[in-house]
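Peer 1: Provided below are the primary sequence and the corresponding predicted coordinates.
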Amino acid sequence: MDELLALLERYAPGYRSQIEGYPDFLVDELEEVFGRPLPSVYRQFAETFGTRGGLLLSQVRSFDPILDVAELYRVAPKGELPSNRFLFIFGDPDPLAPHHYWLDLESPSEEGDCQVVRMPFGADAWRTKLHREAISLRELLFLWAMEHVHMPVFHHQASYVGRERPSNPSAEDLARLLEKMGFVQRSFPRHSMLFEREGAAARLYRPPASPHFNLRVGMQRPEDLKRFQMVLEDNMDMVKPSV
């Protein structure tokens, strides 16, 4: 988590004062309740952000490893929570979209990490309602750092969606175009991508095992955003999402 914390501090100086985690012995308690080892990246997450996560986690309903997650695993009916997926974040505040965040223990990614999936509660929800969100918890947290901590400082923003087809430019083509326009790609993440330049930032999101991708860009000056959009729309087959 050190690299993520350094990024958050750069985006929002003093960010470390906004967060609080749980000691490792309490995370051991959660692991015992769950009944199998927790991915090491999740343990680091719980020990860093478990009590308070600041803006990084402002969009989710709950993520407290002890007061919420462990308690749920204690009281949930047997079979309601699949043993091969670990619930670690209760979903977005919108009660009409009760899809929660789980680590898919059957889909490891980086060392000590797993794919993040979303699905509602229910013994068979993973069969019919599972959506793959990110290739790892670590990647998801970096994407959220850009989206929820850094992007809000840019007053002028635009979003686009694209689909990789044989005749269309790919996400890699878009990344190269961003670099030609002066953006510098961060070394992590590597599936989805984050870019920065003076007075601007961009997030290129790619779901796991999907041909789709989308771009969100923010800039300080409206004229810079207008020029950016002209270049993008001339070179990439992407559309603005309907609201």
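Peer 2: Structure's in. What do you need?

Peer 1: Mind giving me the packing neighbours of the helix or strand of the chain with the lowest mean pLDDT?
Peer 2: Within the chain, no helix or strand scores below helix 125-128, which has a mean of 76 by mean pLDDT, DSSP states H and E. Counting by 3 or more CB pairs under 8 Å, 6 or more residues apart in numbering; DSSP states H and E, the packing neighbours recorded for helix 125-128 are strand 114-119. Bear in mind the C-beta positions are built from the backbone N, C-alpha and C, glycine included.

Peer 1: Is Ala125 in contact with Val117, as I believe?
Peer 2: No: using CB atoms under 8 Å, Ala125 makes no contact with Val117, being 10.2 Å away.

Peer 1: and those two? which has more neighbours close in?
Peer 2: Per other CB atoms under 10 Å, whichever of Ala125 and Val117 has more neighbours is Val117, with 21 against 17.

Peer 1: before we move on, back to that, so after the least confident helix or strand of the chain, what's the next helix or strand?
Peer 2: Proceeding N to C from helix 125-128, the next assigned helix or strand is strand 131-134, under DSSP states H and E.

Peer 1: can you pull out the helices in the chain?
Peer 2: Counting by DSSP state H, the chain has helices at residues 2-11, 24-34, 40-49, 71-75, 125-128, 137-144, 171-180, 222-235.

Peer 1: Of those, give the one that comes closest to Phe63.
Peer 2: Nearest to Phe63, of all these, is helix 40-49, at 7.4 Å by CB to CB.

Peer 1: got the buried residues for the closest one?
Peer 2: For helix 40-49, the buried set under the neighbour-count rule, 16 or more other CB atoms under 10 Å, comprises Val41, Tyr42, Arg43, Gln44, Phe45, Ala46, Glu47, Thr48, Phe49.

Peer 1: Kindly report the same for stretch 109-122.
Peer 2: For stretch 109-122, burial by neighbour count (16+ other CB under 10 Å) applies to Ser109, Glu110, Gly112, Asp113, Cys114, Gln115, Val116, Val117, Arg118, Met119, Phe121.

Peer 1: Stretch 144-159 too?
Peer 2: So, applying 16+ other CB under 10 Å, buried residues of stretch 144-159: Trp144, Ala145, Met146, Glu147, His148, Val149, His150, Met151, Phe154, His156, Ala158.

Peer 1: Of those residues, which belong to strands?
Peer 2: In this view, the buried residues of stretch 144-159 that belong to strands under DSSP state E are His156, Ala158.

Peer 1: tell me the two of the buried residues of stretch 144-159 that are most distant?
Peer 2: Trp144 and His156 (21.1 Å).
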